[in-house]
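Trainee: Everything below, folded, please.
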Amino acid sequence: RLGRVILKDGDVLLLQGPKDAIRGLQANNDLVVLEQLENDLPTVSRKRLALSISALVILLPAFNLMPLVASVLFGTVAMVASGCLRPGELQRAIRLDVILLLGSLASFSVALEKTGLAAATAKALLAGLQNWPIYWALLAVFLFTTLLTEVMSNAATVAMLIPIAGQLALGLGEPPMAFIYAVLFGASQSFLSPVGYQTNLMVFGPGRYQFLDIARYGIPLTAAMTIAIPFFICIYFKI
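Mentor: Reported below is the predicted structural model:
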């Protein structure tokens, strides 16, 4: 009647079961499997080969010898073909919930653009900044761009906000490049959620993070950047 037992922190269980069930426990964040399965131990005999493949994945796109997506695909195939990764490890690393989340985010981003909701919200917010001090106007533009890029692609965010930011700068009698810089820097950071950028999702699954783990560390970093970046823009443009 193990299903009726209430477990507490520090309880130790001796379990016997199929290997697939034990592997499922290893992927559970609520339990720690003290005895790892022999087949799941990392393969260290091919460490140098794995490091060489990883270096090639980075260097080939860096020198424009191969597109990034093709390079990553090549590295994945090479890792499995050379025995650095087992097919079972690769299969268990695929998180269907992350894939569905990424697909849902793309649909949400397109909906924001097509319906005009994002553009209307941006214009309404930035229209209220006409009489604000320059630093606080830059801070508001930076923060709004940062929040918007969490649910939209950074390219779409920049394309939509740069014309509006330029008009705001002209209305305030300030150089448009100052507000364009605020948009560019704001769209380049995605520290608040795992869906903010693709690389966040790349580590979200394998790292076994919870959704709010990203925000826990991202909120202080975002707050620091929101305060500092407009300040440095003011100094650079002497405004």
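Trainee: List the residues that contact Ile219.
Mentor: Residues in contact with Ile219, defined by Cβ atoms under 8 Å, 6 or more residues apart in numbering, are 191-192. C-beta coordinates here come from the backbone N, C-alpha and C atoms, glycine included.
Trainee: what does Asn200 give?
Mentor: Per Cβ under 8 Å, 6+ apart, neighbours of Asn200: 190, 193-194, 214.
Trainee: ok, now with 6 Å
Mentor: Contacts for Asn200 (Cβ atoms under 6 Å, 6 or more residues apart in numbering) come out as Pro194.
Trainee: can you give me the offset of stretch 19-35 from its chain's centre?
Mentor: The chain centre lies 26 Å from the centre of stretch 19-35; the measure is Cα atoms, centre = their mean, to the nearest Å.
Trainee: actually stretch 148-158, not the one I wrote
Mentor: For stretch 148-158, the distance to the chain centre is 12 Å (Cα atoms, centre = their mean).
Trainee: what's the pLDDT at Arg46?
Mentor: Confidence at Arg46, expressed as pLDDT, is 81.
Trainee: Measure how buried it is and give me the count.
Mentor: 15 (other Cβ atoms under 10 Å).
Trainee: Helix or strand for Ala159, just tell me which one.
Mentor: Counting by DSSP states H and E, the element that carries Ala159 is helix 154-172.
Trainee: other SSEs contacting that helix?
Mentor: With contacts taken as 3 or more Cβ pairs under 6 Å, 6 or more residues apart in numbering; DSSP states H and E, helix 154-172 sits against helix 117-127, helix 134-148, helix 176-187.
Trainee: and of the ones you listed, who's closest to Gly3?
Mentor: helix 134-148 (43.8 Å; Cβ to Cβ).
Trainee: returning to what we had before: what pLDDT, on average, does the helix holding Ala159 get?
Mentor: 78.
Trainee: Now do the residue lying closest to Ala140 once chain neighbours are set aside against Leu25, distance only.
Mentor: Distance criterion Cβ to Cβ, 6 or more residues apart in numbering; nearest residue to Ala140, sequence neighbours excluded, is Leu129 at 5.7 Å. Noted for Leu129: a distance of 53 Å to Leu25, by Cβ to Cβ, to the nearest Å.
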